[in-house]
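> sequence below, structure please.
(one chain, ligands or ions: 2)
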Amino acid sequence: VISPWEAANHVMDKLRASGFQAYACGGAVRDKIMNLDIRDVDVATNALPEEVLRLFPASIDVGVEHGTVVVPVKGDAVEVTAFRGKTIEEDLSMRDFTINAMAMTREGEIIDPFNGRDDIENGIIRGVRDPEARFKEDPLRMVRGYRFAFAYGFTIESNTAHAIGLHASLVKKSAVERIGQELEKMLPLSKGSLIALMESPIAGGLAPLLYSRQKWLRLLSCYNHPFTVDEVPLCWYILSDDNLTETLNRYRRSNLLKKQAGIIERVTSEIVTAGWSNQTLYQAGEEWIYSCEKIRALLLNKEPEFSTVKKKFEQLPIKKKSDMAVNGKMLMEEFQVSEGKWIGNTLKKVEYAIVTKKTENTKTAVFEYIRKELTG
Ligand code: ATP
Ligand code: MG
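Ligands and ions are numbered 1, 2, ... in the order given. Next up is the predicted model:
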């Protein structure tokens, strides 16, 4: 596989060969200077989106109205965005924080008009130019400022912090899906950072989720076992008010996330009162058993018992649908019925019966079970 830098370099070389300027910029430059892992390298160019599309015919014009084109490169994808303004310096001056407002030439030279490198060295989050005006222009920048401060252990510079203090209440005007995105990126933070976030001026703007201090405290009490970046649905389950689906809708989260959070909700409400059963282990599946165990422990104020849960899960007769000894086609043949509701319903009942050990997971046993229990 190709590295994000190789992918970006390929795009920059081609742009430059056609006479355009092209720079790596934003998060990638920041993370490179900080020696952190880099997931993607964004490119800024003076080429217009149409010109980028012409140079890279396979590219996807998802964000053309914002000047962004996604260029696929050998399994990776590079976001190419037209300068906001005439020059790279002007483009950088529109960015949020000095540490995010650097660019890098193809030769590796850093363009750093706002001294972002010094701020990285000194651990400082500083708004670009006039922070007050910039936060009024886009209040979500305040949330981002806190996120970067927490993620890197940096301090928010006093002028910038003062501006946040003045305008924190504007955060709630940001688009809910943007707030949701930032929250998801923040939740796997350390215990100390989450406490600080709860006490920060922007906490109110992250409402209604953060108004529920009770829930935050509960979340924090389980931080001996912090959430990972793969446990986003878990965070939403813990933080949402009583109606999880409504909360996820309110923050416009994806259908996949809703589905995953739904599994966690169903399984958790069961195991908190009744403990784990074959059915709940199977419902959670390998992907979510440990997350659900974490919540069970959290809600009951106990230590999670990961190894016990793992052992029980290993002993399940089947661990996923495809482990079943029969499928729809086999049922149609054996019982001489055509495709339809009966097949689907019967498969569901059989799946449950196998999981709860009412029948063995063999063709013969299942057919017998269907004849005895589900027909006639
Ligand atoms: P992450 O590591 O979380 O992806 P990032 O800095 O790459 O952090 P992105 O949201 O991917 O964040 O944005 C890429 C770049 O675009 C930022 O580094 C910053 O220069 C600029 N940017 C993003 N959001 C804003 C904003 N709200 N206002 C101004 N500039 C922004
Ligand atoms: Mg990024």
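> how far away is residue 186 from residue 265?
As judged by CB to CB, to the nearest Å, residue 186 and residue 265 stand 22 Å apart. The way it works is simple: take the backbone N, C-alpha and C, and place the C-beta from them, glycine included.
> and the contacts of the strand or helix carrying residue 144?
Assessed by DSSP states H and E, residue 144 sits inside helix 140-152. If you take CB atoms under 8 Å, 6 or more residues apart in numbering as the criterion, helix 140-152 is touched by 34, 96-97, 99-100, 123, 125, 127, 134-135, 154-156, 160, 164, 167-168, 170-171, 174-175, 178-179, 182, 185-186, 189-190, 193, 196-197, 200, 202, 205-206.
> what does stretch 317-336 give?
With CB under 8 Å, 6+ apart as the test, stretch 317-336 has contacts from 278, 282, 285-286, 313, 337-339, 343-344, 346-347, 350-351, 354-355, 357, 360-363, 366-367, 370, 375.
> could you give me the ChimeraX syntax to select whichever of those residues are buried?
To isolate the buried members of the contacts of stretch 317-336 in ChimeraX, using 16 or more other CB atoms under 10 Å:
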select :278,282,285,313,343,346,347,350,351,354,355,361,366,367,370
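> can you tell me which of the contacts of stretch 317-336 are in helices?
Using DSSP state H to define helices, the subset of the contacts of stretch 317-336 located there is 278, 282, 285-286, 313, 343-344, 346-347, 350-351, 354-355, 363, 366-367.
> which PyMOL command selects the buried ones in the contacts of helix 140-152?
Command for PyMOL that selects the buried part of those, burial taken from 16+ other CB under 10 Å:
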select buried, resi 96+97+99+100+125+127+134+135+154+156+160+164+167+168+170+171+174+178+179+182+186+189+193+197+200+202+205+206
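> for residue 222, which non-adjacent residue is closest in space?
Spatial nearest neighbour of residue 222, chain neighbours left out: residue 298 (3.8 Å); criterion: CB to CB, 6 or more residues apart in numbering.
> my error: substitute residue 123 in the last question.
For residue 123, ignoring the flanking residues on the chain, the nearest one in space by CB to CB, 6+ apart is residue 154 at 4.5 Å.
> ditto for residue 359
Once flanking residues are discounted, residue 359 sits nearest to residue 369: 3.8 Å by CB to CB, 6+ apart.
> so who does the one you found touch?
350, 353, 358-359.
> write out the residues of this structure neighbouring ligand 1.
26-27, 42, 95-96, 100-101, 138, 140-141, 185 (CB under 6 Å from any ligand atom).
> find the pair from these with maximum spatial separation.
Greatest spacing in those, by CB to CB: 101 and 185 (19.3 Å).
> now do the contacts for the closest residue to ligand 1 within the stretch 1-150 of the chain.
Closest to ligand 1 within the stretch 1-150 of the chain is residue 27: 2.3 Å, counting by CB to the nearest ligand atom. Counting by CB under 8 Å, 6+ apart, residue 27 makes contact with 38, 40, 42, 100.
> got TSV for the residues you listed, with pLDDT too?
Output for these, formatted as TSV (pLDDT from 0 to 100):
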residue	pLDDT
38	92
40	92
42	97
100	98
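> pretty sure residue 81 is in a strand, no?
Yes - according to DSSP: H, G, I helix; E, B strand; the rest coil, residue 81 belongs to a strand.
> these two touch, right, it and residue 44?
Yes - using CB atoms under 8 Å, residue 81 is in contact with residue 44, at 5.6 Å.
> neighbour count: those two, which is higher?
Taking other CB atoms under 10 Å, residue 81 and residue 44 do not tie; residue 44 has more neighbours (24 against 19).
> show me where the protein has its strands.
Applying DSSP state E to the chain gives strands spanning 22-25, 42-45, 60-63, 68-73, 76-82, 103-104, 110-111, 124-125, 155-156.
> relative to residue 292, which of those strands is closest?
Among the strands of the chain, the nearest to residue 292 by CB to CB is strand 76-82 (33.6 Å).
> tell me which residues in the closest one are buried?
Of all the residues in strand 76-82, those buried under the rule 16+ other CB under 10 Å are 76-82.
> what about the helices in the stretch 151-300 of the chain?
158-167, 176-186, 191-199, 213-221, 232-239, 244-250, 255-274, 278-300 (DSSP state H, counting those that start in this stretch).
> contacts for the third one, please.
It refers to helix 191-199. With contact meaning CB under 8 Å, 6+ apart, helix 191-199 is reached by 146, 150-151, 186-187, 189, 203, 210, 213, 216, 219-220, 223, 226.
> would you list these in JSON lines and tack on pLDDT and distance to residue 56?
JSON lines is the format used below for those (pLDDT from 0 to 100; distance: CB to CB, whole Å):
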{"residue": "146", "pLDDT": "94", "distance to residue 56": "36"}
{"residue": "150", "pLDDT": "90", "distance to residue 56": "37"}
{"residue": "151", "pLDDT": "90", "distance to residue 56": "32"}
{"residue": "186", "pLDDT": "82", "distance to residue 56": "34"}
{"residue": "187", "pLDDT": "76", "distance to residue 56": "36"}
{"residue": "189", "pLDDT": "77", "distance to residue 56": "37"}
{"residue": "203", "pLDDT": "87", "distance to residue 56": "43"}
{"residue": "210", "pLDDT": "65", "distance to residue 56": "42"}
{"residue": "213", "pLDDT": "66", "distance to residue 56": "49"}
{"residue": "216", "pLDDT": "71", "distance to residue 56": "45"}
{"residue": "219", "pLDDT": "71", "distance to residue 56": "44"}
{"residue": "220", "pLDDT": "73", "distance to residue 56": "47"}
{"residue": "223", "pLDDT": "75", "distance to residue 56": "45"}
{"residue": "226", "pLDDT": "80", "distance to residue 56": "40"}
